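Visitor: Build me a model:
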Amino acid sequence: MEEDKWVYEIGKDGFAVVFPLIGLVISGGIAIALALANNPAVFFMSLFALFMLVMTLMVLYRQFIMKFLVGKNGFYHKTRPGNGHYYRYSELDKAWTAFGGGTNALYFYYQLPGQSPVRFYYNPMDDEAVEYMLSKFRSFHPELEEENEDWDYEE
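Guide: Coordinates of the predicted model:
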């Protein structure tokens, strides 16, 4: 992993934490004001503030824990602390993209020989990085280029 230079970092959007954080501050402030006024609506506003806290924590988790780094020779994928792994494009058996079932979500799939496919969600703004990875994969597996377009995986 050390020998590879990262060309792209997928899923890193520092702006994504702004909206849940603003919602948390506003709803938390209103909940505190309602509590100080002994208003019974504090319960509902507290639930909304709790929801915004969960959303903020989820975004922060994705920003600081999850990693998908794209390099010239391979990529690094980490979904939780301690499980990150570097994969070379030449090691992969298959790599493809697909839309999520009815949700218009974009997914990048990769598969190692003898293992089940791994799915990673990505935003349309990371499409260039995913195309870069697919082109690198195809350069190691030119015989799969036509077949690679039609792979689909159902969970």
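Visitor: where do the helices sit along the protein?
Guide: Taking DSSP state H as the test, the helices found in the chain are 18-36, 42-64, 127-140, 145-148.
Visitor: wait, which of those is closest to Lys94?
Guide: Among the helices of the chain, the nearest to Lys94 by C-beta to C-beta is helix 145-148 (7.0 Å). To be clear about C-beta, it is placed using only N, CA and C from the backbone, and glycine gets the same treatment.
Visitor: So, low pLDDT: which residues of this protein?
Guide: Within the chain, the stretches with pLDDT under 70 are 1-4, 101-104, 143-155.
Visitor: repeat that with 50
Guide: Scanning the chain for pLDDT under 50 picks out the ranges 148, 150, 155.
Visitor: on that earlier part again, would you format the helices of the chain as CSV with distance to Ser90 and mean neighbour count included?
Guide: Shown next, in CSV, are the helices of the chain (distance: least, C-beta to C-beta, whole Å; neighbours: other C-beta atoms under 10 Å):
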stretch, distance to Ser90, mean neighbour count
helix 18-36, 39, 15
helix 42-64, 29, 15
helix 127-140, 5, 17
helix 145-148, 15, 12
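Visitor: quick one: which of those helices is nearest Thr79?
Guide: For Thr79, the closest of these is helix 42-64, at 9.9 Å, according to C-beta to C-beta.
Visitor: Next one: the closest residue to Ala98 other than its chain neighbours from Gly28, what distance?
Guide: Of all residues not flanking Ala98 in the chain, Tyr107 sits nearest, at 5.3 Å (C-beta to C-beta, 6 or more residues apart in numbering). Counting by C-beta to C-beta, to the nearest Å, the separation of Tyr107 from Gly28 is 34 Å.
Visitor: if we can go back for a sec, of all the helices of the chain, which one is nearest Tyr76?
Guide: Here helix 127-140 is closest among the helices of the chain (C-beta to C-beta), at 11.6 Å.
Visitor: Which elements pack onto that closest one?
Guide: Helix 127-140 sits against strand 6-9, strand 67-71, strand 94-99, strand 106-111, helix 145-148, with contacts defined as 3 or more C-beta pairs under 8 Å, 6 or more residues apart in numbering; DSSP states H and E.
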